[in-house]
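Engineer: here's a sequence, model it:
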Amino acid sequence: MNNHIRSFYRIRYQKRKAAGVCTSCGKEEARPGRVTCVACGIRATKNSTNRQRKLEPLQKALKICRYCDCREVMAGTRWCGYCQERRAEQTAAYRAARAKRGQCVDCKDAAVHGKTRCQRCLDRQIRAVHTYRDRKNCSLSAPGSGTSNPSTSAA
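Structural biologist: Model prediction:
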């Protein structure tokens, strides 16, 4: 595409955005805090989902990052090291901001006083920890594993 056409699309986008209409179709009013109308937003989501469904098997076969689509993935993940670090930094930043505001770091509800999670998320986390420990202890005492769980052995 030549520069003239690019500048036309760029100017049209900026004008529509400033007018508060959908930057895609230019017919409907844009959703609050967005630049597209509901219909164009739904269409864009469907297109993006379909495109990702087509790309995913190829990305998996080539072992490339699902986010940046250009680097090799780290073992056992879907992302490269760079994207994994960025994701961890972004997660830490929004969790810190939520904790500072007194919100649950997982769901934005009001956190329990002195904690960083609401009661529902605390309960879910406790269940997950217990499930993990149960699985870990079960695998330690599995027959034929050569190890035994000290809590179940006779004294």
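Engineer: next, count neighbours for the nearest residue to residue 125 once chain neighbours are set aside.
Structural biologist: Sequence neighbours aside, residue 117 is the residue nearest to residue 125 in space, at 6.6 Å (criterion: Cβ to Cβ, 6 or more residues apart in numbering). To be clear about C-beta, it is placed using only N, CA and C from the backbone, and glycine gets the same treatment. Neighbourhood size, residue 117 [other Cβ atoms under 10 Å]: 20.
Engineer: how about residue 117, secondary structure?
Structural biologist: Secondary structure state of residue 117, per DSSP: H, G, I helix; E, B strand; the rest coil, is coil.
Engineer: quick one, phi/psi of it?
Structural biologist: phi -130, psi 160 (degrees, to the nearest 10).
Engineer: distance of it relative to residue 31?
Structural biologist: Here the criterion is Cβ to Cβ, to the nearest Å. By it, residue 117 lies 31 Å from residue 31.
Engineer: now do the same contact list for residue 95.
Structural biologist: Going by Cβ atoms under 8 Å, 6 or more residues apart in numbering, residue 95 touches 105, 116.
Engineer: what comes up buried for the host helix or strand of residue 10?
Structural biologist: Secondary structure assigned from DSSP states H and E places residue 10 in helix 3-19. Buried residues in helix 3-19, defined by neighbour count with 16 or more other Cβ atoms under 10 Å: residue 16.
Engineer: need the mean per-residue confidence for it.
Structural biologist: Mean per-residue pLDDT for helix 3-19: 93.
Engineer: repeat that for stretch 88-105.
Structural biologist: Rounded mean pLDDT across stretch 88-105 is 94.
Engineer: which residue ranges make up the domains of the protein?
Structural biologist: Domain segmentation of the chain under automatic domain parsing yields 17-60, 63-100, 104-138.
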